[in-house]
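Trainee: Coordinates for the following, if possible.
(one chain, ligands or ions: 1)
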Amino acid sequence: METHLLYILNGREAKRAIEKARERVANAIGAKPKEIYFTSCGSESDNLALKGIAYANKNKGKHIITSKIEHPAILNTCKTLQKQGFDVTYLHVDSDGNISLQELENAIREDTILISIMFANNEIGTIQPIQEIGNIAKKHKIIFHTDSVQAIGNVNINVEKMNIDLMSMSAHKFYGPKGVGCLYVKDKVQFDRIQDGGHQEKDKRSGTENVAGIVGLGKAIEIATQNLSEYNKKLTNLRNYYISEIEKNIPEAKLNGSRSNRLPGNINFSFPYIEGEELLLKLDEAYICASAGSACSSGTSSPSHVLVSIGLSKELANGSLRITIGEENTKEDIDFLVNKVKEIIQEIRK
Ligand code: PLP
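Mentor: Presented below is the predicted three-dimensional model:
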């Protein structure tokens, strides 16, 4: 009897905790709690957004617009939709990684049902003109989704003001737990479920809720948005310091992505005559974690689709190094990093 009572109370508490987290996400992005759906990660949110909108609107049209530099969670979802008869336009980007608003307008057709453009790029940090894209989508009465996995917690986002209809988020990108994400869907925007099962998340996302993860996500997004301006300023200063030190110390270093309109913690450089993978291995020996611009698989390295899309040669794309800085990093860390990068590059170039 007692155990049963305890179970009911825990269930209620769990529900209350989930609703509190929903409220926190909504407050962080200028939405209503009922517009937030919890998922397992950013990739699932992207899948649910694109497929959910495509399936619910297939009788109105089958054309989707996205960009060439999206995360694989978007690009591979688009490929699947193409196999199912949808038509996808992939917008080009300029050398900074920005889409052209004119090209976007020109790509819109009678049967366009969705525009999906990422808020900020995960490799080169470039932030897209989201408000302007939202305005264009609204003018043409087209649903607008943005993958804000990299942006949320780094830049101010208000879905209402920016005319965003759907937005994907992932907790671990704003210091929340791994394995939990969420999707904002504006009230009255119709979308289909993509997973069959029970009635969780208003029938839109079946499966037992990850209560601990959701609570962690809610608290993390609250903290991240409350401290946003201070955090953004600190990281921007460190990022600009790293950029200027690299440019001062390493000949022919080329910054990838926009110099000013980029994520505060993202830095991506290409170094001619260098293999990024070799640089990574040597940095790893110094306990520095970073990413390169290519994915080595079975001995052949294929350059990043993002770096190729901004016009880099294969050689420059393969010689790229992406550093992400976070709230615990200091100027001393940056000095240590710059010295290591300089030392290793001199050694390799010899
Ligand atoms: N979208 C972007 C822009 C990302 O950077 C990532 C992950 O790095 C994802 C989507 C996927 O998120 P998750 O790893 O939570 O599935």
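Trainee: contacts and neighbour counts: CA atoms only from here.
Mentor: Will do.
Trainee: Now the longest helix anywhere in the chain: average pLDDT?
Mentor: As assigned by DSSP state H, the longest helix anywhere in the chain is helix 2-29. What helix 2-29 shows for mean pLDDT is 83.
Trainee: Please pull up the helix or strand immediately following it.
Mentor: Following helix 2-29 in sequence order, the next helix or strand is strand 36-39 (DSSP states H and E).
Trainee: so where do the strands sit in the chain?
Mentor: 36-39, 63-67, 87-91, 112-116, 143-147, 166-170, 181-185, 254-255, 266-270, 291-292, 294-297, 300-303, 320-324 (DSSP state E).
Trainee: how big is the angle separating the fourth one from strand 87-91?
Mentor: Angle between the axes of strand 112-116 and strand 87-91 is 40 degrees (criterion: axes from the mean of the first three to the mean of the last three Cα atoms, to 10 degrees).
Trainee: So is strand 112-116 next to the ligand?
Mentor: No. Using Cα under 6 Å from any ligand atom, strand 112-116 stays clear of the ligand, coming no nearer than 11.7 Å.
Trainee: What is that strand packed up against?
Mentor: helix 42-57, strand 63-67, strand 143-147 (3 or more Cα pairs under 8 Å, 6 or more residues apart in numbering; DSSP states H and E).
Trainee: how about it as PDB, C-alpha atoms only?
Mentor: Provided in PDB are the C-alpha atoms of strand 112-116 (Å, rounded to 0.1, in the frame of the first residue of the first chain):
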ATOM      1  CA  THR A 112       7.700  24.800 -51.300                       C
ATOM      2  CA  ILE A 113       6.500  23.600 -47.900                       C
ATOM      3  CA  LEU A 114       9.600  24.100 -45.700                       C
ATOM      4  CA  ILE A 115      12.800  26.100 -45.400                       C
ATOM      5  CA  SER A 116      15.400  24.600 -43.000                       C
END
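Trainee: what comes into contact with that strand?
Mentor: By Cα atoms under 8 Å, 6 or more residues apart in numbering, the list of residues contacting strand 112-116 from outside reads 50, 53-54, 57, 60-67, 137, 142-147.
Trainee: next one: the fifth one
Mentor: Residues from elsewhere that reach strand 143-147 (Cα under 8 Å, 6+ apart): 46, 49-50, 113-120, 134, 137, 163-169.
Trainee: let's see it at 7 Å
Mentor: Strand 143-147 is contacted from outside by 46, 113-119, 134, 137, 164-169, using Cα atoms under 7 Å, 6 or more residues apart in numbering.
Trainee: And these, which is closest to residue 71?
Mentor: For the contacts of strand 143-147, the minimum distance to residue 71 (Cα to Cα) is 8.1 Å, reached by residue 118.
Trainee: related to what we said a few turns ago, among the helices and strands packed on strand 112-116, which comes closest to residue 183?
Mentor: The nearest among those, by Cα to Cα, is helix 42-57 at 5.4 Å.
Trainee: So which other helices or strands are in contact with that closest one?
Mentor: helix 72-83, strand 166-170, strand 181-185 (3 or more Cα pairs under 7 Å, 6 or more residues apart in numbering; DSSP states H and E).
Trainee: Of the ones you listed, flag the one that's most buried.
Mentor: Stretch with highest mean neighbour count among the helices and strands packed on helix 42-57: strand 166-170 (a mean of 29; mean count of other Cα atoms under 10 Å).
Trainee: quick one: strands adjacent to it?
Mentor: Strand 166-170 has its sheet partners listed here by DSSP bridges as strand 143-147 (parallel), strand 181-185 (antiparallel).
Trainee: quick one: residue 340 and residue 23, what's the gap?
Mentor: The spacing between residue 340 and residue 23, counted by Cα to Cα, to the nearest Å, is 44 Å.
Trainee: Confidence-wise, which helix or strand of the protein is lowest on average?
Mentor: strand 294-297 (a mean of 52; mean pLDDT, DSSP states H and E).
Trainee: returning to that earlier point: if we look at the ligand, which of the contacts of strand 112-116 are close to it?
Mentor: residue 147.
Trainee: Buried subset of the contacts of strand 112-116, written for ChimeraX?
Mentor: To isolate the buried subset of these in ChimeraX, counting by 16 or more other Cα atoms under 10 Å, use the following:
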select :50,53,54,57,61,62,63,64,65,66,67,137,142,143,144,145,146,147
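Trainee: interface residues of the stretch 1-150 of the chain facing the ligand?
Mentor: 41-43, 71, 73, 121-122, 147, 149-150.
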